[in-house]
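Engineer: Dropping a prediction and its sequence here:
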Amino acid sequence: MSRRSREDAPSVVPPDRLLLELDGPGLEPSTVKTATLLELAAAFFALVEANAEMQEKSLDLVGLEVFNKCVAIAAKPSDLRFAREMAELSRRQIGGSEELPRGTKERVDRARNAMRRLAPGEVARVQIATWSRPLKAIEQDVAPPLDSLLSIRARPIRIGGKQPIIRFESRLEEDFSLQTDQTTARKLGPYLYREIEIEAKVSRDLDGTIATGRLMNFEPLDEDVDPQRVWRDWYRAVNDPEKGRLDG
């Protein structure tokens with residue numbers, strides 16, 4: 001690698017960046033095929049933003065930086081945690097382990113086509129801080145099988161989208177997302193941020209993490225919980241205590 005290449009492209013990536021990295025024999029900023037890298041980055045970043053829009057939440061990826069990792073392009077997300085969720089969702093869609101919501105197929109196809117243009121030996125990864133995952137494309141559209149049943153205690157931490165997707169956290173699993181219908185999503189709303197018992201059909205990645213799934217049923221752990229009281233508690237937690245007072 002030339003001295004000029006090392007000086008022109010830094011190698012240390014700030015932890016608040018969404019990074020798309022391309023690795024391969026002899027790859028560096030001065031040798032990468034420009035159109036190949038830019039199209040892959042544009043397709044992936046556009047899919048991330050589109051998935052955020054499907055969740056009815058704003059996510060902006062701004063800026064353009066090139067890093068010498070062998071070669072990588074980075075953008076700064078407006079919401080780092082949400083960007084990681086949408087990046088994980090996007091890479092699973094590209095890899096065929098996540099069902100495609102209506103309106104995303106064209107963007108997913110664009111990203112898959114960009115992946116197929118990579119030269120033999122070239123591999124792509126996405127990264128935010130210490131979180132890093134490979135980016136792979138399937139050769140044809142396939143729906144991932146929901147091949148196992150899951151019964152677990154978990155906390156819903158996000159609900160959204162025209163085709164609702166619920167984000168859960170659990171002491172026994174990495175954070176995961178499940179699809180559901182609008183009726184179930186509305187019923188689950190009062191129990192946001194509260195531990196519940198869920199039943200779901202899921203499929204898992206090779207590393208054992210939940211790749212995709214559908215919520216089949218849920219049960220509150222405390223049957224005496226008043227949904228209206230839950231809403232008031234949640235409102236106080238996210239608003240100023242004085243302005244958010246709803247008692248009366």
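Structural biologist: Nice, thanks for sending it over. Numbering: from 1, shown residues only.
Engineer: from memory Gly63 sits against Ile73, does it?
Structural biologist: No - Gly63 lies out of contact with Ile73 (CB atoms under 8 Å); the separation is 10.2 Å. Where C-beta positions appear, they are placed from N, C-alpha and C, glycine not excepted.
Engineer: Those two: who's more crowded?
Structural biologist: Neighbours were counted for Gly63 and for Ile73 using other CB atoms under 10 Å; Ile73 has more, 24 against 9.
Engineer: What pLDDT is listed against that one?
Structural biologist: Looking at Ile73, its pLDDT reads 93.
Engineer: hey, C-alpha coordinates of whichever strand or helix holds it in CSV?
Structural biologist: Taking DSSP states H and E as the criterion, Ile73 maps to strand 71-77. The C-alpha trace of strand 71-77 is given here as CSV (Å, rounded to 0.1, in the frame of the first residue of the first chain):
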residue,chain,number,x,y,z
VAL,A,71,-11.9,0.1,2.2
ALA,A,72,-15.0,1.3,3.9
ILE,A,73,-17.6,4.0,3.6
ALA,A,74,-19.3,5.4,6.7
ALA,A,75,-22.3,7.7,7.5
LYS,A,76,-23.3,9.2,10.8
PRO,A,77,-26.8,8.0,12.0
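Engineer: what's next to it, contact-wise?
Structural biologist: With contact meaning CB atoms under 8 Å, 6 or more residues apart in numbering, strand 71-77 is reached by 9, 13, 16-22, 27-29, 32, 37-38, 41, 45, 59-67, 83, 127-128.
Engineer: now stretch 160-173
Structural biologist: The contact list for stretch 160-173, computed with CB under 8 Å, 6+ apart, reads 54-57, 85, 101-102, 152-159, 175-182, 184-185, 188, 198, 209-210, 215.
Engineer: Nearest residue to Ile128 in space, please, no chain neighbours.
Structural biologist: Nearest-residue entry for Ile128: Arg84, 4.9 Å, with adjacent residues in sequence omitted and distances by CB to CB, 6 or more residues apart in numbering.
Engineer: Which residues belonging to the strand or helix carrying that neighbour are considered buried?
Structural biologist: Using DSSP H and E, Arg84 sits within helix 80-95. Neighbour-count burial for helix 80-95 flags 82-95 (criterion: 16 or more other CB atoms under 10 Å).
Engineer: Which other helices and strands does that helix contact?
Structural biologist: strand 18-23, helix 34-54, helix 105-116, strand 123-128, strand 131-135 (3 or more CB pairs under 8 Å, 6 or more residues apart in numbering; DSSP states H and E).
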